[in-house]
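[1] Next comes the sequence, and after it the predicted model I'd like to discuss.
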Amino acid sequence: MSTPHNEAKRGDIAKTVLMPGDPLRAKFLAETYLEDVHQFNGVRNMLGYTGIYKGKKVSIMGSGMGMPSIGIYSYELFNEYGVESIIRIGSCGSLQKNIHLRDIIIAQGACTDSRFAHQYELPGTFSAISSFELLEKAVHLAKEKGVTYHVGNTISSDIFYHADATSSEKWASMGCLGVEMEAYALFATAAYFKKKALTILTVSDSLVSNEETTAQEREKTFTAMMEIALELA
């Protein structure tokens, strides 16, 4: 069994998959936290691994950047490989002055400027939300770990370099906590297949203060978010 984008065989992938955008973050996570690890995918260098975490079988796979990319991988995981839950663990830009570098945002829902949901031919606008079961558990774990976290709406944008310099301010004015590029497509795909999804984000930069972290820091130091997701798996 394989797809055009995933060479895994039946049984290679766990029921819960953690999905960082960066495949190198998937590699770091697997090598750091999992036992008895094996790589199940290397197609297009979108690395995927399965191993054991505290006695549980867990898979970790990169999603790539943007809604088209995570849309492909989440569709195949849910529909072809029998995955029940996908937990996105990504980075985001803060849109609020009280949300700082390395804070965690647990996305309750995702707004978007994308037309990803037009494929469902709905007679209106689809509100893409997380699994409350996963959300509630993630909040409990964040409290236990004593990390600074925020829960609320995010914006999943198709555009990284936006021609409208005021775009982020407009979404911030509606209470969006952070901006990233994947959660809406993940939530919509999960809803379509009646599966579970959650997005946990670490603030890598601030669109308010203009502070930012490095690529290496994003790959290897956002461990609080990673550990919360592993405990959820």
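    Here it is on my side, so go on.
[2] Tell me what the residue nearest the centre of the chain is bridged to.
    The chain has Arg88 as the residue nearest its centroid, 2.1 Å off, counting by CA atoms, centre = their mean. In this entry, Arg88 is beta-bridged to Met19, Thr199, by DSSP bridges.
[3] Pull out the buried residues from the host helix or strand of Trp171.
    Element membership of Trp171 [criterion: DSSP states H and E] is helix 167-173. For helix 167-173, the neighbour count (16 or more other CB atoms under 10 Å) marks Ser167, Ser168, Trp171, Ala172 as buried. For glycine as for every other residue, the C-beta is placed from the backbone atoms N, C-alpha and C.
[4] Would you mind giving those as JSON lines with pLDDT and distance to Leu198 added?
    Converted to JSON lines, these look like this (pLDDT from 0 to 100; distance: CB to CB, whole Å):
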{"residue": "Ser167", "pLDDT": "96", "distance to Leu198": "26"}
{"residue": "Ser168", "pLDDT": "95", "distance to Leu198": "24"}
{"residue": "Trp171", "pLDDT": "98", "distance to Leu198": "21"}
{"residue": "Ala172", "pLDDT": "98", "distance to Leu198": "23"}
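[5] Tell me where this protein has helices.
    For the chain, the helices defined by DSSP state H occupy 23-33, 67-80, 132-145, 167-173, 183-193, 215-220, 223-232.
[6] Report all helices and strands that the second one contacts.
    Just to be clear, that refers to helix 67-80. Judged by 3 or more CB pairs under 8 Å, 6 or more residues apart in numbering; DSSP states H and E, helix 67-80 is in contact with strand 16-19, strand 85-94, helix 183-193.
[7] how about the ones you listed, which one is nearest Val58?
    Closest to Val58 of these, according to CB to CB: strand 16-19, at 6.2 Å.
[8] So what's the gap between that closest one and the chain middle?
    Relative to its parent chain, strand 16-19 has a centroid offset of 9 Å by CA atoms, centre = their mean, to the nearest Å.
[9] got the contact list for it?
    Defining contact as CB atoms under 8 Å, 6 or more residues apart in numbering, one finds that strand 16-19 is touched by 26, 29, 58-63, 70, 73-74, 77, 83-89, 186, 226, 229-230, 232-233.
[10] what sits against the closest residue to Asp113 other than its chain neighbours?
    Excluding the flanking residues, the one nearest Asp113 by CB to CB, 6 or more residues apart in numbering is Ser157, at 5.4 Å. Going by CB under 8 Å, 6+ apart, Ser157 touches Thr112, Asp113, Ser114, Ser167, Val179, Glu180, Met181.
[11] quick one: low-confidence parts of the protein?
    219 (pLDDT under 70).
[12] repeat that for 90
    The chain contains residues with pLDDT under 90 at 1-2, 10, 213-222.
[13] Return the set of buried residues in stretch 134-148.
    Leu134, Leu135, Ala138, Leu141, Ala142, Val147.
[14] correct me, but the last one touches Ala138?
    To tie it back to what came earlier, the one meant is Val147. No: taking contacts as CB atoms under 8 Å, Val147 lies outside contact range of Ala138: 10.8 Å.
[15] list residues touching both of these two?
    Ile228.
[16] hang on, the earlier thing: any residues touching the helix holding Trp171, and which ones?
    Outside helix 167-173, the residues that touch it by CB under 8 Å, 6+ apart are Gly93, Leu95, Gln96, Cys111, Asp113, Ile155, Ser157, Ile159, His162, Val179, Leu207.
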